[in-house]
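Asks: my questions concern the predicted model and sequence given below.
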Amino acid sequence: MDINLEAICGDAIIELKKIESNSVDLIVTDPPYNLNKHYGNNYDKFEFDEYLNFSREWIKEAVRVLKPDGTMYVFMGMKYISYIYNVLEKEMEMYFNSWITWYYTQGIGKTKGYSPRHDDILMFTKDKKRFKFNLDEIRVPQKYYRSVNNMRGANPGNVWEFSHMHYCNKNRMKHPTQKPEGLYERMILASSDEGDVVLDPFLGSGTLLRVCQNTNRNGIGIDINPEYIRMSKERLEEKFLGFDSIDERMKRVPNDLNNAEIRENYIKNHISWFLKNHQDAIDDFMKEVKEKYYDKMKETNQLYLFKTYTSYKCRKK
């Protein structure tokens, strides 16, 4: 599928005004939190009312370009999230769907008060009922296999655990608030289809474009810093070996896969359902399969699966 990935250098509000109304299927964005972060050529430092007015302006344009059945995900810090919620629901008349909590194990340390260990993501839709949500694309494996369960997996819920983008991560860029690709993967797969247009008015390190590139979506990213635009374009040239983060549940092997035929089908399907964008996690999955079912698989002549799938990550996507 031919897709278009566009990284635009410019002010988010000015560039959003150039985009045609009702032309974008999905917006996923991580705007400034007004925490005095240094973003190369600008500081995230506004007076309170100034920041809210800035937020209103970009949100108004974002809603305008969103299609009638479109969805918007907005990352936001604790200090302003209630105000952004109000702007989206009361002022822009969007429909609230979900408040997602991204939990991570390491973050800012505090000696007086509790150290923060989560970010929040607001999910709003332009229409109350008519919007895309591809649940099968984002299910997580069950703890136990039961014939009454959906073998495809369960709804991931609204608390997501993904590792923070540590400075030792191979994909860590020179950006102070880089987000994991796994977060964007889930939102993009859930709320858009292949060939759709996905927009990020605050592109930063280019995560949205990288995920769009490898999920067959058209992507538009805007950032005011030319260095971040250059960084994002270089990132798109890198070989894809799997996204840089994963919900650890995706590697989970259900208990009670005792029927040989069901077990074989499940292992094959698990790779394509849950790990198609995470080739580097397949060995961990197969290791757990071996720990749980090796003896049974030996009895049923299924050991070939280890040879077949442990080499999967070496193949091109």
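Replies: Done, it's in. Numbering: from 1, shown residues only.

Asks: quick check: what element follows the strand or helix carrying residue 188 along the chain?
Replies: Using DSSP states H and E, residue 188 sits in helix 181-191. Counting by DSSP H and E, the next helix or strand C-terminal to helix 181-191 is strand 197-200.

Asks: mind giving me the packing neighbours of that next one?
Replies: Judged by 3 or more C-beta pairs under 8 Å, 6 or more residues apart in numbering; DSSP states H and E, the packing partners of strand 197-200 are strand 24-29, helix 207-213, strand 218-223. (C-beta placed from N, C-alpha, C; glycine too.)

Asks: so what strands line up beside it?
Replies: Strand 197-200 has the following strand partners under DSSP bridges: strand 24-29 (parallel), strand 218-223 (parallel).

Asks: could you redo the ones you listed as CSV and give each row mean pLDDT, distance to residue 212 and mean neighbour count?
Replies: Output for those, formatted as CSV (pLDDT from 0 to 100; distance: least, C-beta to C-beta, whole Å; neighbours: other C-beta atoms under 10 Å):
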stretch, mean pLDDT, distance to residue 212, mean neighbour count
strand 24-29, 98, 10, 25
strand 218-223, 98, 3, 26
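
Asks: can I get these in CSV including distance to residue 261?
Replies: Formatted as CSV, the strands paired with strand 197-200 follow (distance: least, C-beta to C-beta, whole Å):
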stretch, distance to residue 261
strand 24-29, 38
strand 218-223, 40
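
Asks: re earlier: residues making contact with the helix holding residue 188?
Replies: 25-26, 28, 71, 73, 102, 121, 123, 131-135, 137-138, 156, 160, 162, 171, 198, 207-208, 210-212, 215, 217, 243-247, 277 (C-beta atoms under 8 Å, 6 or more residues apart in numbering).

Asks: distance from the chain centre to it, please.
Replies: In terms of C-alpha atoms, centre = their mean, to the nearest Å, the centre of helix 181-191 is found 3 Å from the chain centre.

Asks: cool, and stretch 147-166?
Replies: The gap between where stretch 147-166 is centred and where its chain is centred comes out at 13 Å by C-alpha atoms, centre = their mean.

Asks: what does it rub up against?
Replies: 98-107, 135-136, 138-142, 145, 169, 171-172, 178-180, 182-183, 186, 244-249, 266, 269, 273-274.

Asks: cool, and stretch 45-53?
Replies: 34, 36, 54, 80, 83, 87.

Asks: now the residue nearest to the fifth one when sequence neighbours are not counted. Its backbone dihedrals?
Replies: Taking C-beta to C-beta, 6 or more residues apart in numbering as the measure, residue 83 lies nearest to residue 52, with 5.8 Å between them; neighbours along the chain are not counted. Per-residue torsions, residue 52: phi -70, psi -40 (degrees, to the nearest 10).

Asks: and residue 52, how many residues sit next to it?
Replies: The local packing of residue 52 (other C-beta atoms under 10 Å) involves 17 other residues.
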